[in-house]
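A.B. asks: let me see the structure of the following:
(one chain, ligands or ions: 1)
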Amino acid sequence: MTKTPIGRKLGQKVKKGKLKASSRRWLERHINDPYVQRAKLEGYRARAAFKLLEIDEKHQILKGARRIIDLGAAPGSWSQIAAKVTGSTEEDVRVAAIDFLEVAPIPGVKILQLDFLDDDAPRQLMEAVGGTPNLVMSDMAAPTTGHQKTDHLRTMHLCEVAAYFAVEVLAEGGHFLAKTFQGGTEKDLLNMLKQNFRQVMHIKPASSRSESVEMFLLAKGFKGRKAVQDADDAAIEGETAEE
Ligand SMILES: C[S@@+](CC[C@H](N)C(=O)[O-])C[C@H]1O[C@@H](n2cnc3c(N)ncnc32)[C@H](O)[C@@H]1O
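C.D. replies: Numbers count the residues shown, from 1 in each chain. Okay, here's the model as predicted:
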């Protein structure tokens, strides 16, 4: 049995008892997960923190971000990181987070307990973040129904709505990061992102469980609403000239 830095042993078994076999397997995987133990050690609310940190280590999306919007924030580890990198404080809030679940307060983060699909969510998020964001990040996953295809479609829908929100609000040069599924990103969504950002890629961080089909979609370097509009106008002019 391996010991972790906080003295917990990996490879622990949960005694057979009242728990259902599936719940026991989940609990065993959880207590033996080195990222869960590292999150505890480093003061993060969730192991998800390491997915963002890993993506950032390779793609530098947090560096220089002055304002960040966190979609699907509970329990709050991405928001903890966002508050730190933006230097957000209660007096000068630079991070807005949303989740329909309750998120315990995080200093410097304005938390909205609301469905992101609510019509008024975009307005409330922009009001809460207090200026143009440089990063819109979404770890939203639809609550599971037990029907995998339905769950994937719902999460993909959240990813798509988040992407359209990002191109509406991001500062030029900003980035968009969202949870998606292997092979799940629609072609139309990818094309829209490629039109609006300099680089678009799929990422599977090591801290994302290998048995999970979870992936992240990263769109880097927002071209800006004017640049994209000018390119569209030029394309339309070109088509008209050819007629
Ligand atoms: C994987 S968790 C996020 C973990 C978070 N990134 C962290 O670091 O703590 C996904 C979250 O998305 C939220 N979510 C899913 N659909 C949502 C929606 N329509 N509006 C707001 N939050 C949503 C869920 O409630 C859940 O808390």
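A.B. asks: please count neighbours and contacts with C-alpha atoms only from this point.
C.D. replies: OK.
A.B. asks: can you list contacts of the helix or strand harbouring Tyr164?
C.D. replies: If you go by DSSP states H and E, Tyr164 is part of helix 148-169. Contacts with helix 148-169, where a contact means CA atoms under 8 Å, 6 or more residues apart in numbering, come from 71, 117, 122, 132-133, 136, 138, 140-145, 176, 178-181, 184-185, 189, 193, 196, 222, 225.
A.B. asks: restricted to helices, list the residues you listed.
C.D. replies: Pro122, Leu189, Leu193, Asn196, Arg225 (DSSP state H).
A.B. asks: among those, who's most crowded?
C.D. replies: Leu193 (24 neighbours; other CA atoms under 10 Å).
A.B. asks: surely that one meets Glu186?
C.D. replies: No - applying CA atoms under 8 Å as the test, Leu193 and Glu186 come out as separate, 10.8 Å apart.
A.B. asks: contact partners of stretch 75-95?
C.D. replies: 44-49, 52, 62-70, 73, 97, 102-104, 106-110, 128-131.
A.B. asks: between the ones in helices among the contacts of helix 148-169, which sits nearest Glu211?
C.D. replies: Leu189 (25.2 Å; CA to CA).
A.B. asks: per-residue pLDDT, the closest one?
C.D. replies: In this model, Leu189 is scored at 95, pLDDT.
A.B. asks: adjust the sequence numbering to begin at 14 for everything that follows.
C.D. replies: Will do, 14 is the new start, and the previous item becomes Leu202.
A.B. asks: how much space between it and Ile82?
C.D. replies: Using CA to CA, to the nearest Å, Leu202 is found at 20 Å from Ile82.
A.B. asks: same question, Tyr48
C.D. replies: 24 Å.
A.B. asks: more neighbours: which of these two?
C.D. replies: Ranked by neighbour count (other CA under 10 Å), Tyr48 and Ile82 place Ile82 first, with 30 against 19.
A.B. asks: just the CA atoms of the helix or strand hosting the more buried one, as CSV, please.
C.D. replies: Applying DSSP H and E as the criterion places Ile82 in strand 81-84. Listed next in CSV are the C-alpha coordinates belonging to strand 81-84 (Å, rounded to 0.1, in the frame of the first residue of the first chain):
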residue,chain,number,x,y,z
ILE,A,81,-13.0,35.4,-15.3
ILE,A,82,-16.4,33.8,-15.6
ASP,A,83,-16.8,30.3,-14.2
LEU,A,84,-19.8,28.3,-15.4
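A.B. asks: what about the helix or strand that it is followed by, distance to the chain center?
C.D. replies: Using DSSP H and E, the helix or strand that follows strand 81-84 in sequence is helix 90-99. Computed by CA atoms, centre = their mean, to the nearest Å, the chain-centroid distance of helix 90-99 equals 12 Å.
A.B. asks: is any part of helix 90-99 close to the ligand?
C.D. replies: Yes - using CA under 6 Å from any ligand atom, helix 90-99 reaches the ligand at Ser90, Trp91.
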